[in-house]
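In: Mind looking at a prediction? Sequence and model below.
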Amino acid sequence: MALILGIDPGSRFTGYGVINAVGNRLEYVSSGCIRLGSAEHSERLKLIFRELCGVIETWAPQETAIEEVFLGKSVSSALKLGQARGSAMVACLHHDLPVSEYSARKVKQALTGSGGAGKEQVQHMVKVLLGINGTLQEDAGDALAIAICHANTRESLARVSSARAFRKGRFH
């Protein structure tokens, strides 16, 4: 069993999602969106840190996963996104949580089988995989997708590690 916190960082909205990975079964725990409003950028970074610390203290995840920065519309936007991401990572590291990073393409591929999948497809798969009915906030859904990607990746790595150990004669 592992509680995993997924984070979709943003300079206006930061999504978070917590799932419980029990073997290859996934359970929805919580999700939400930190709305950062129009405060100064430095204040928004502080809010990301503070709110994510609260989420971590509430749910006590063992692992975290965060989306990597991609170069979007402008360098300025990418820098602000990187700073928001850094604030989120520091909140996790402040609580001694390991942080794994995934590209948007890797997340889409892990959930839909296609790195070029649309947001609607990803949101649909999140709801199907976690048994969520009704609407899901977009940023929270993206954060849950990142957590699911991490759960699937760690499960695959565990299987590969076990197979290698078996081939080397460590298991009898």
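Out: Looks like it came in fine.
In: how about the closest residue to residue 36 other than its chain neighbours, phi and psi?
Out: Distances taken as CB to CB, 6 or more residues apart in numbering put residue 44 closest to residue 36, at 4.2 Å, once the chain neighbours are dropped. C-beta: built from backbone N, CA, C; applies to glycine. Backbone dihedrals for residue 44, given as degrees, to the nearest 10, come out at phi -70, psi -40.
In: Contact partners for residue 44?
Out: Taking CB atoms under 8 Å, 6 or more residues apart in numbering, we find residue 44 in contact with 11-12, 36-37, 84.
In: Give the helix, strand or coil label for residue 66.
Out: Of the three states, residue 66 takes strand according to DSSP: H, G, I helix; E, B strand; the rest coil.
In: Next: residue 106.
Out: Residue 106 - assigned by three-state DSSP - is helix.
In: so what's residue 7 closest to, chain neighbours aside?
Out: residue 66 (4.5 Å).
In: That neighbour contacts residue 104, correct?
Out: No: if you go by CB atoms under 8 Å, residue 66 and residue 104 don't touch, sitting 11.4 Å apart.
In: Residue 90 reaches residue 49, doesn't it?
Out: Yes: the pair residue 90 / residue 49 is scored as a contact, 6.2 Å apart, by CB under 8 Å.
In: Neighbour count: those two, which is higher?
Out: Shown here are residue 90 and residue 49; by other CB atoms under 10 Å, residue 49 has more neighbours (19 against 16).
In: hang on, the earlier thing: could you measure from the residue nearest to residue 36 over to residue 121?
Out: To residue 121, residue 44 is 30 Å away according to CB to CB, to the nearest Å.
In: Same check on residue 12?
Out: Distance, residue 12 to residue 121, using CB to CB: 24 Å.
In: Equivalent analysis for residue 104, please.
Out: For residue 104, the distance to residue 121 - CB to CB - is 13 Å.
In: Give me the more crowded residue out of these two.
Out: Each of residue 104 and residue 121 has its neighbours counted (other CB under 10 Å); residue 104 has more, 19 against 15.
In: which residues does residue 87 contact?
Out: Per CB under 8 Å, 6+ apart, neighbours of residue 87: 9, 45-46, 48-49, 52.
In: Now it. Its backbone dihedrals?
Out: Residue 87 adopts backbone torsions of phi -60, psi -40, taken as degrees, to the nearest 10.
In: Tell me, what's the model's pLDDT at it?
Out: pLDDT recorded at residue 87 is 98.
In: do the same with residue 157
Out: For residue 157, pLDDT reads 48.
In: what's the answer for residue 169, then?
Out: Looking at residue 169, the pLDDT reads 55.
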